[in-house]
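>>> I would like the atomic coordinates for the input below:
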Amino acid sequence: MSQAAGRQSIFITGAASGMGRETARLFQQQGWFVGAYDLNPSGLQDLQAELGADNCLIGQLDVSDKAAYEQAIEAFSTASGGRMDILFNNAGIAMRGLFDEMPFEQQMRLVQVNFIGVLNGIHCALPLLKATPNALCFTTSSSSATMGMPLIAVYSATKHAVKGLTEALSNEFRRYDIRVADVLPGLIRTGMPDDALLAAAAPTGPFRVIEAIEVAKVVWQAYQSDTLHWYVPQELAELDKAAGNDPEKLRDKLARLV
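Numbering: from 1, shown residues only. Here you go, the predicted model:
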């Protein structure tokens, strides 16, 4: 018998901290088997100690390395009994700065992790998703995918790419009974936004600070739903509409960030 022993299973990247870690905790509490992957081995070991070795499989993974991703999926398949109810492509990095002042190598690293890493995950996991009825391919996009954001231009572009990929695959993968969705988080209390950014956040509104557990709850809700885009907080949906209805107005409003 596999390690999962027939339980439903979720594969999570970026699982050592923040939204990924909270998602791993929530799903384990719901009786799921968890595959937790990250570049941070100590964070993964702490998570495994918390969840219990029987309830999870951990592994160090650079999502931009397709060969490494294939090995991680193979190990997970053995542990889960060949099923994957949810692929949660959550790993991502962020860097702030003016486009022309950010080194090209840093911009390429953003693309490799935030977008190529998502492509790697979907390609590698697709056989397991196909083999699992009602599977969900779920990815972390960003509120910066509602409108191109100054000071995080390349990051924002990668998240627009994730959003567009999600929309396209949500139709293509219907033929495999695989649902596809994403989450567009705002300012989440994780290791990614620095303390200064969190301290400067408004106490109310779409860019108030939200706890990472709220994103984990959305992943759980998404598995029970056919909704395409999930916004955390929900008010960000209005920003998405505003970007479509009057992009020039929103562009000029965002100019204050520069």
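>>> going by C-alpha atoms from here, please, whenever you check contacts or count neighbours.
Noted.
>>> centre of the chain to the strand or helix carrying W220, how far?
Using DSSP states H and E, the secondary-structure element containing W220 is helix 213-223. Relative to its parent chain, helix 213-223 has a centroid offset of 11 Å by Cα atoms, centre = their mean, to the nearest Å.
>>> only C-alpha atoms, please: export it in CSV.
Extracted in CSV, the C-alpha atoms of helix 213-223 (Å, rounded to 0.1, in the frame of the first residue of the first chain):
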residue,chain,number,x,y,z
ILE,A,213,-4.4,31.2,6.1
GLU,A,214,-7.0,33.1,4.0
VAL,A,215,-5.3,31.9,0.8
ALA,A,216,-5.2,28.3,2.1
LYS,A,217,-9.0,28.5,2.7
VAL,A,218,-9.4,29.6,-0.9
VAL,A,219,-7.5,26.6,-2.2
TRP,A,220,-9.9,24.4,-0.2
GLN,A,221,-12.9,26.2,-1.5
ALA,A,222,-11.6,26.0,-5.1
TYR,A,223,-11.6,22.2,-4.9
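>>> contacts for that helix, please.
With contacts defined as Cα atoms under 8 Å, 6 or more residues apart in numbering, helix 213-223 is touched by 19-20, 22-23, 26-27, 86, 136, 138, 181, 183, 185, 230, 232.
>>> let me know the helix or strand that A181 is in.
strand 178-185.
>>> I meant to write G148 there.
For G148, there is no host helix or strand (DSSP H and E).
>>> how many residues are close by the residue lying closest to it once chain neighbours are set aside?
Residue nearest to G148 in three dimensions, not counting chain neighbours: S156, with 5.7 Å by Cα to Cα, 6 or more residues apart in numbering. Using other Cα atoms under 10 Å, S156 has 24 other residues around it.
>>> tell me what angle the helix or strand hosting S156 forms with strand 178-185.
Assessed by DSSP H and E, S156 sits inside helix 153-172. Angle, helix 153-172 to strand 178-185, by axes from the mean of the first three to the mean of the last three Cα atoms, to 10 degrees: 150 degrees.
>>> just the residues contacting stretch 94-108, thanks.
L110, P150, L151, I152, A153, V154, Y155, M192.
>>> leaving out sequence neighbours, find the closest residue to the fourth one.
Of all residues beyond its chain neighbours, the one nearest I152 is R96 (5.2 Å), with distances taken as Cα to Cα, 6+ apart.
>>> the one you found belongs to a helix, doesn't it?
No: R96 sits outside any helix when classified using DSSP: H, G, I helix; E, B strand; the rest coil, being coil.
>>> follow-up on the earlier one: now intersect the contacts of helix 213-223 with the helices, please.
Of those, the ones assigned to helices by DSSP state H are M19, G20, E22, T23, L26, F27.
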